[in-house]
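Undergrad: Turn this into a model:
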Amino acid sequence: MNMLTDLKFDFNSKKPLYIRIADCFISNIANGNIKKNEQLPSINLFSKEYKVSRDTVEKAYKILKAKNLVITYKGKGTYIISTRLIQKHKVLFLFNRLNKYNLQMYYSFINNIGDQYHTDIDIYHCKESLFLNLIEKHIEKYDYYIIVLNIKIENPQQVSNSIESIKALKSIPQQKLIIIDNNELKIDGKIIQIFQDFENDTYYALKKGRENINKYKKLMLILPENSNYPYLLKITKGFKKFCIEQAINFEISSKPIEGVSINQGDLFIVIEDDDLVNLLDMTKASTLLLGIDVGIISFNDTPFKRLLGIAVISTNFTEMGETAASMIVNNKKGKRRNPFSFICRASV
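TA: The predicted model follows:
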């Protein structure tokens, strides 16, 4: 290979030119086109032939030196001293928010992905504008993009992600994309999708627990105050479907939990853990007995809920992380529905 005529740089890339030059050398070393003991062009000659600045070439050669691929002998030039490339695959985990459940999934992923992968985290706080900015910022920098897709929607009638969000996702090569918690993307081709089917999962989980649920007169679904998220709309649909089918009186509330009255025969289904804590305090302050006079079902299991005997509707976040790692390592594509269940405890 002639290093003065045959090196091809990606001029459409947003990476700095010196990184593209270094990447080009590394790729050709990995492919066997550039061999051990070969001499690199001098900085002046490379600069002249490829019409780039000396400073750019010098920075590129420094990257190769930092990776222990080349060595410069004073007065003799720069030579390839190693063709052994131990490069870790770079993974970006882009979270909607960093709560205990996402961390559980993340740690499970880290424990299963292996030492050949390096994983970074970023967070878009459920905001579309930040999501779009982060995709643009990180594009072409990673080998895999794991995205927990849960963006707040501004239009109450909107039940899926916006055109802008879909366009941003399509800018990521399909073989690099792993979507968590969304099963409705209109993206052609094979990507990895690991999802909860919130509507049907909620419906079937409640149906599984109906023997305990049927002793209550009224079901109360307590939504967060800011409930403009697609997954909450789907949970609501599954809840309503169950209640209508079972002919159970129900109510859906997104007002502050402190403004909700607790009456004998009520069963509360709570999404947010803060609302759960407040509801437990309110129940304790009343004369009503939990699991007898009133009931509580919470979303997503935790050791705290197991300890207190709180019934839950929950997916397995550990398994979600394991599945993502396994599909990446084994180069598998397609959709995987994550297990979802109703766990009956003393609170019902």
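
Undergrad: Show the backbone phi and psi for G209.
TA: Note on G209: its backbone torsions stand at phi -100, psi 10 [degrees, to the nearest 10].

Undergrad: Am I right that L134 is in a strand?
TA: No: according to DSSP: H, G, I helix; E, B strand; the rest coil, L134 belongs to no strand; its state is helix.

Undergrad: in which helix or strand would I find S341?
TA: Assigned by DSSP states H and E, S341 belongs to strand 340-343.

Undergrad: I'd like to know which elements that strand is packed against.
TA: Using 3 or more C-beta pairs under 8 Å, 6 or more residues apart in numbering; DSSP states H and E, the elements in contact with strand 340-343 are helix 198-208, strand 311-315. Using the backbone N, CA and C atoms, a C-beta is placed for each residue, glycine as well.

Undergrad: Please identify which of the ones you listed is closest to V70.
TA: strand 311-315 (49.3 Å; C-beta to C-beta).

Undergrad: could you point out which element follows the closest one?
TA: In the C-terminal direction, the helix or strand that comes right after strand 311-315 (DSSP H and E) is helix 317-329.

Undergrad: can you give me the strands for this structure?
TA: In the chain, the strands defined using DSSP state E lie at 70-73, 77-80, 89-95, 117-123, 144-148, 177-180, 192-195, 218-222, 249-253, 266-270, 295-299, 311-315, 334-337, 340-343.

Undergrad: Could you save those as TSV and add columns showing mean pLDDT and distance to T236?
TA: Shown next, in TSV, are the strands of the chain (pLDDT from 0 to 100; distance: least, C-beta to C-beta, whole Å):
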stretch	mean pLDDT	distance to T236
strand 70-73	92	60
strand 77-80	93	62
strand 89-95	93	23
strand 117-123	92	26
strand 144-148	96	20
strand 177-180	94	21
strand 192-195	92	18
strand 218-222	97	7
strand 249-253	96	6
strand 266-270	97	10
strand 295-299	97	12
strand 311-315	96	13
strand 334-337	91	20
strand 340-343	93	16
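
Undergrad: Select, out of these, the one closest to T5.
TA: Closest to T5 of the strands of the chain, according to C-beta to C-beta: strand 77-80, at 17.8 Å.

Undergrad: sorry, back to before: show me the one of the strands of the chain that comes nearest G259.
TA: For G259, the closest of the strands of the chain is strand 249-253, at 8.4 Å, according to C-beta to C-beta.

Undergrad: Could you list the low-pLDDT ranges of the stretch 201-348 of the chain?
TA: 227 (pLDDT under 70).

Undergrad: confidence score at the residue lying farthest from the centre of the chain?
TA: Centroid-distance maximum for the chain: G75 at 51.3 Å, with C-alpha atoms, centre = their mean. Predicted confidence (pLDDT) for G75: 88.

Undergrad: dump the residue contacts of Y216.
TA: Each residue near Y216 by C-beta atoms under 8 Å, 6 or more residues apart in numbering is listed here: I248, G265, D266, L267, V294, G295.

Undergrad: Return the two entries of those that lie farthest from one another.
TA: Comparing all pairs in these by C-beta to C-beta, the longest separation belongs to I248 and V294, at 15.1 Å.

Undergrad: Comparing the two, which shows the higher neighbour count?
TA: V294 (23 against 17; other C-beta atoms under 10 Å).

Undergrad: Any chance of CSV for the helices and strands packed on strand 340-343, columns distance to K141 and mean neighbour count?
TA: Shown next, in CSV, are these (distance: least, C-beta to C-beta, whole Å; neighbours: other C-beta atoms under 10 Å):
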stretch, distance to K141, mean neighbour count
helix 198-208, 31, 20
strand 311-315, 30, 23
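
Undergrad: of these, which approaches N214 most closely?
TA: N214 lies closest to helix 198-208 among the helices and strands packed on strand 340-343, at 10.7 Å (C-beta to C-beta).

Undergrad: what about the closest one, distance to the chain center?
TA: Taking C-alpha atoms, centre = their mean, to the nearest Å, one finds the center of helix 198-208 at 23 Å from the center of the full chain.

Undergrad: try stretch 32-46
TA: 41 Å.

Undergrad: JSON lines please, covering the strands of the chain and showing distance to S129.
TA: Converted to JSON lines, the strands of the chain look like this (distance: least, C-beta to C-beta, whole Å):
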{"stretch": "strand 70-73", "distance to S129": "43"}
{"stretch": "strand 77-80", "distance to S129": "45"}
{"stretch": "strand 89-95", "distance to S129": "14"}
{"stretch": "strand 117-123", "distance to S129": "14"}
{"stretch": "strand 144-148", "distance to S129": "16"}
{"stretch": "strand 177-180", "distance to S129": "20"}
{"stretch": "strand 192-195", "distance to S129": "24"}
{"stretch": "strand 218-222", "distance to S129": "29"}
{"stretch": "strand 249-253", "distance to S129": "29"}
{"stretch": "strand 266-270", "distance to S129": "30"}
{"stretch": "strand 295-299", "distance to S129": "27"}
{"stretch": "strand 311-315", "distance to S129": "28"}
{"stretch": "strand 334-337", "distance to S129": "28"}
{"stretch": "strand 340-343", "distance to S129": "31"}
